[in-house]
Every structure is written in C-alpha cells, then in structure tokens.
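pasting the structure only:
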C-alpha cells in the first residue's frame, strides 16, 4: 500500500497495482483539477494490473454539468469500462478498469464487523441499497461522450479554468444526478 501524491508517484514508478483510489478535494482547489485529466488517467491505466480497478470521487456541488462531462470524457478516452455511483448527497464515485470483463461487485465486504460498524451507523447497508447507488456506465454514455467536445486535459484544462467560476456561482452539476430520479423514456429517441 502506498499513500502518496498519485500523479507524481505513478509518473516515476513502474509498479502495477490491483487497486488505485483517488479522493481528491474539490476541483477548484489549486492543483486538484490535474487529477481529473486524460493524461492523469493515462498514468493510472499504465499503473494498473490487467484486472486492476481505479476508483475516484468527484464532487458535483460547486460544479457544472459541462465540467463533469469533461471529466467523464477524459475517463472515456482511457478506460474500457467505468461505472458511476452516487454516494452521499452531491458526490459521485467513478469505478473504472481496462479489465477484459467488468468485475461483478462483491458487497460482502460490508459484512466485516469493522466495516459494518463504520457504515451502518444510520441505516443498514444491504446489497440492494448499494446497487441502488449505481447511476450509469460507460456504454450508456457512449452517444453523449462520442460527440463531446474537449475532455479535461493538461493541455486544455477546462476543469481547472471552469471550477472556480462554478464555485463562485454556486453551481451544481444536476444533469448526472437527475438520472437517478427521472425515469428513462425508451420512446424519447423516436419523437
């Protein structure tokens, strides 16, 4: 286990990992937006084992939909699959990998006494409750991300340039979150 500045560490270390977790602060904090770029995700994919998994949080409060989609577009360029989960309130968790197959979630970890005590203080955590936090996945976003403009990049830092403005305007990236509450209309493409 290594706890370090992931971007610097992965750029200088050839080791491969089964799991990489990234819980950066808000993107408007100086330097943090670089952890959501296509170049950073390239470092991550090179640092994962063949079946390795990457997980990263993104705060949707004080953000705008276009900025969140620029991050998803950067993930889209670098990972074979990813899934988006809504966690507490306005936080999003992306789980990504280049594994040949999408691994099946094993929620049994929540049965361990220490984990259960930590997570089950207010409500019981069940497999169903955890599955209900799954919002969307890469394949569902292909039509949107294929046509998306500029992904967040070191060379075109849309998140770095836009996050401070979104914070100042008290923005919320409501589009992704609304996927959770609005039903899917399969007839919409035909009208």
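Arrived safely. Predicted model, so just to flag it, every value in this text is computed and none were measured.

separation between the residue positioned nearest the centre of the chain and residue 71?
What sits nearest the mean C-alpha location of the chain, by CA atoms, centre = their mean, is residue 94, with 2.5 Å. According to CB to CB, to the nearest Å, residue 94 and residue 71 sit 8 Å apart. Where C-beta positions appear, they are placed from N, C-alpha and C, glycine not excepted.

that older thread, ok, then the element right after the helix or strand containing the residue nearest to the centre of the chain?
Using DSSP states H and E, residue 94 sits within strand 91-97. Note on strand 91-97: by DSSP H and E, the next helix or strand toward the C-terminus is helix 113-119.

and residue 99, how close does it get to residue 54?
For residue 99 relative to residue 54 (CB to CB), the value is 11 Å.

ugh, wrong one, residue 161
Residue 161 is 25 Å from residue 54, by CB to CB.

which one's more surrounded, residue 99 and residue 54?
residue 54 (24 against 16; other CB atoms under 10 Å).

where does that one sit: helix, strand or coil?
strand (DSSP: H, G, I helix; E, B strand; the rest coil).

show me what it is bridged to.
Residue 54 has the following beta-bridge partners by DSSP bridges: residue 20, residue 96.

is it true that it touches residue 98?
No. Residue 54 is beyond contact range of residue 98, at 9.1 Å (criterion: CB atoms under 8 Å).

spit out the residues that contact the two alike.
Taking CB atoms under 8 Å, 6 or more residues apart in numbering as the criterion, residue 54 and residue 98 both touch 45, 48, 79.

thought the last one was touching residue 97?
Yes. Using CB under 8 Å, residue 79 is in contact with residue 97, at 6.5 Å.

what do the two both touch?
Common neighbours of residue 79 and residue 97 (CB under 8 Å, 6+ apart) are residue 54.

what ranges do the strands span in this protein?
Here the chain has its strands, by DSSP state E, at 17-22, 48-59, 81-86, 91-97, 134-137.

picking up where we left off before, residue 79 and residue 97: who's more crowded?
Per other CB under 10 Å, whichever of residue 79 and residue 97 has more neighbours is residue 97, with 23 against 20.

residue 113 versus that one, what's the distance?
29 Å.

equivalent analysis for residue 85, please.
For residue 85 relative to residue 113 (CB to CB), the value is 24 Å.
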